[in-house]
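Student: A structural model of the following input is requested.
(4 chains)
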Protein chains: 4
Amino acid sequence: MHAQSIAAVRVRFQETDLMGIVHHASYLGYMEVGRVEWLRRRGIAYSAWAAAGLHLAVVEVGLRYLAPARFDDDLDVVTSLTEVRAATARFTYRIVRPIDGVACVEGFTRLARVDEGGKLRRFSPEMIEALGRPETRAGS
Amino acid sequence: MHAQSIAAVRVRFQETDLMGIVHHASYLGYMEVGRVEWLRRRGIAYSAWAAAGLHLAVVEVGLRYLAPARFDDDLDVVTSLTEVRAATARFTYRIVRPIDGVACVEGFTRLARVDEGGKLRRFSPEMIEALGRPETRAGS
Amino acid sequence: MHAQSIAAVRVRFQETDLMGIVHHASYLGYMEVGRVEWLRRRGIAYSAWAAAGLHLAVVEVGLRYLAPARFDDDLDVVTSLTEVRAATARFTYRIVRPIDGVACVEGFTRLARVDEGGKLRRFSPEMIEALGRPETRAGS
Amino acid sequence: MHAQSIAAVRVRFQETDLMGIVHHASYLGYMEVGRVEWLRRRGIAYSAWAAAGLHLAVVEVGLRYLAPARFDDDLDVVTSLTEVRAATARFTYRIVRPIDGVACVEGFTRLARVDEGGKLRRFSPEMIEALGRPETRAGS
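Tutor: All right, here's what the predicted structure looks like:
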């Protein structure tokens, strides 16, 4: 069973397009919110990692669009860490609309630890430990 | 050999993030530019299709990030149509920086023809014909 | 004393730029969130207005940037309706970071009621009444 | 007569919203393109300034929306430098659609020179000189 956290987002007007639905690129932003929240609930402030030069660069993404979301929809970004390797981690996401249970998007991102110069770096033991923690903080 | 067109984009300041590189979601916008240009060079104004309610909804995307692009970089979005089915089409993209030949991103999008109500619709014979045309117009 | 509501936003990674701070255009999105929330707390679902073709088009904006906000900052968007005319309304905003009380941005937007064709239309008596309501719903 | 340059942008699908028109925040991106192009045509690579820590932070903006632009519209961003002070400069913009001569947006941005730490700094004599140059390079 993978460690999972849920982040809530509400669709902004700006995130829609002239088809009247959420633009497909906007979901990458929601997945980013989900990932940052996943870390926060394990005591990891990604902003602190970033400030310390420990970036998690996105190296691969995949998304399948199952149903459109619309302006002002409340969405849940269900985020799971599904793999940790020496220098990369994979998160999967399921973006659902709780009011009707519809799944709008399924996707994943693979991230690599890079230093300030963009060089691939192994996760430190502290990072590995942090990624293995259970969810211990309430959402926010 | 797949039909291929090239669109040029220049990275905007707004498309970068605090890592100092192009944010990974920005490339979906570049791929959209590439796809619209691919159609334009075959005499297809996607704006006219959209105005007529013939939308091409993105139903799946995949991107691999090979090297970071940066503010003010000139990039070529090399777009190919690689598959046409009854109601869906698949485009693949290679985003390269011509000045040093570096490939920054490889990806694909799968699009489905949907009507105004979001219902899946088969391509019309006219659309199929249009998608099969060679590149006949200069870029812009 | 003007009718005022507060909406909370948290800065997303994507909303920063290579200066390491929130990109100046991102605040227009926050102000949009503030405005939609202002309406919601008076029982007005802007999504329902939009679906009914009652759009509030932005016709003028002004922003002064007082201090930078950063990734993962929690911000309060303090929104006030400061003027209602026959066909336009003016909202003012103050975006503050509660943790240190710093005001990051002050601004305003002027909106005009337009129909589906983009034509200016007077507010209906129902809209005027709605805009004059006190805040009656809890935030969300 | 103020020094003026013109940059061309084409509206991307992603820059529209569910009203079917360009979202009001997208124009700040176009103005940024216009400003960077204005500098480029005077031999100033803003990317080089930014890399050297010479940032021009946006401290104030104002925009009036005169007519909507739409997906795939070609727009000209007519940018003028209208004021240079010790540490700030003001650019004004007129965004027009050449095909019908319609002016979509008028606006201005005030920028301040700040160092890496966000501190206000006077323009150097070299910067003042550069800002005073005539347009000497072809657009791109």
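
Student: I'd assumed A:S5 was in contact with A:E37.
Tutor: Yes - counting by CB atoms under 8 Å, A:E37 touches A:S5, with 6.0 Å between them. Bear in mind the C-beta positions are built from the backbone N, C-alpha and C, glycine included.

Student: run through chain A and note the low-pLDDT ranges.
Tutor: Across chain A, the ranges flagged by pLDDT under 70 are A:1-2, A:138-140.

Student: strands of that one, start to end?
Tutor: Listed in chain order, the strands of chain A (DSSP state E) span A:4-10, A:55-65, A:74-84, A:88-97, A:102-114.

Student: list the buried ones in the last one?
Tutor: For strand A:102-114, the neighbour count (16 or more other CB atoms under 10 Å in any protein chain shown) marks A:C104, A:V105, A:E106, A:G107, A:F108, A:T109, A:R110, A:L111, A:A112, A:R113, A:V114 as buried.

Student: could you check whether it is close to chain C?
Tutor: No - on the criterion CB under 8 Å from any CB of the partner chain, strand A:102-114 is out of touch with chain C, staying 11.8 Å away.

Student: distance between that strand and the chain's centre?
Tutor: 6 Å (CA atoms, centre = their mean, to the nearest Å).

Student: next one: stretch A:69-88
Tutor: Relative to the centre of its chain, stretch A:69-88 is centred 4 Å away, using CA atoms, centre = their mean.

Student: likewise stretch A:127-137?
Tutor: On the basis of CA atoms, centre = their mean, stretch A:127-137 sits 15 Å off its chain's mean C-alpha point.

Student: need the residues that contact it.
Tutor: A:3-5, A:39-44, A:54, A:81, A:84, A:89, A:113, A:123 (CB atoms under 8 Å, 6 or more residues apart in numbering or on different chains).

Student: what about it, start to end distance?
Tutor: By CA to CA, to the nearest Å, the extent of stretch A:127-137 from end to end equals 18 Å.

Student: give me the buried positions along it.
Tutor: For stretch A:127-137, a neighbour-count test (16+ other CB under 10 Å) marks A:M127, A:L131 as buried.

Student: spatially central residue for chain A, please.
Tutor: Nearest to the mean C-alpha position of chain A, by CA atoms, centre = their mean, lies A:R35 at 2.8 Å.

Student: that residue and A:A130: what is the separation?
Tutor: According to CB to CB, to the nearest Å, A:R35 stands 14 Å off from A:A130.

Student: residues from chain A in reach of chain D?
Tutor: When proximity is defined as CB under 8 Å from any CB, chain A approaches chain D at A:F13, A:Q14, A:T16, A:D17, A:L18, A:M19, A:G20, A:I21, A:H23, A:A25, A:R70, A:F71.

Student: can you count the residues close to the last one?
Tutor: Read that as A:F71. For A:F71, the neighbour count with other CB atoms under 10 Å in any protein chain shown is 21.

Student: for it, give me its contacts.
Tutor: Here A:F71 is in contact with A:V11, A:R12, A:F13, A:E15, A:T16, A:V22, C:S47, C:A50, D:L18 (CB under 8 Å, 6+ apart).

Student: quick one: which of those sit in helices?
Tutor: When helices are assigned by DSSP state H, the members of the contacts of A:F71 inside them are C:S47, C:A50.

Student: what is the residue nearest to A:G34 when sequence neighbours are not counted paired to in the beta sheet?
Tutor: Nearest residue to A:G34, sequence neighbours excluded (CB to CB, 6 or more residues apart in numbering or on different chains): A:V77, at 3.4 Å. Legend: beta-bridge partners of A:V77 under DSSP bridges are A:A7, A:I95.

Student: is it true that the residue nearest to the centre of chain A touches A:T92?
Tutor: No - A:R35 is not in contact with A:T92 according to CB under 8 Å; the separation is 10.5 Å.

Student: count the neighbours of the closest residue to A:V105 other than its chain neighbours for me.
Tutor: Excluding the flanking residues, the one nearest A:V105 by CB to CB, 6+ apart is A:I95, at 4.2 Å. A:I95: 27 surrounding residues under other CB under 10 Å.

Student: could you measure from A:I95 over to chain B?
Tutor: Distance, A:I95 to chain B, by CB to the nearest CB, to the nearest Å: 14 Å.

Student: ok, longest helix in chain A?
Tutor: helix A:26-40.

Student: flag every residue of chain A that's near chain C.
Tutor: A:12-14, A:28-29, A:32-33, A:36, A:45-47, A:50, A:70-72.

Student: list buried residues within those residues.
Tutor: The neighbour count (16+ other CB under 10 Å) marks A:12-14, A:28-29, A:32-33, A:36, A:46-47, A:50, A:70-72 as buried among these.

Student: so which of the strands of chain A gets nearest C:R64?
Tutor: Across the strands of chain A, C:R64 has its closest neighbour in strand A:4-10 (26.8 Å, CB to CB).

Student: and that closest one, which residues are buried?
Tutor: By 16+ other CB under 10 Å, the buried positions in strand A:4-10 come out as A:S5, A:I6, A:A7, A:V9, A:R10.

Student: out of the strands of chain A, which is closest to D:V61?
Tutor: Using CB to CB as the measure, strand A:4-10 is the one of the strands of chain A that comes nearest D:V61, at 25.7 Å.

Student: OK, contacts around the residue in chain A sticking out farthest from the centre?
Tutor: Distance from the C-alpha centroid of chain A peaks at A:L18, with 25.9 Å (CA atoms, centre = their mean). Contacts for A:L18 (CB under 8 Å, 6+ apart) come out as B:A50, D:F13, D:T16, D:D17, D:L18, D:M19, D:G20, D:I21, D:R70, D:F71.
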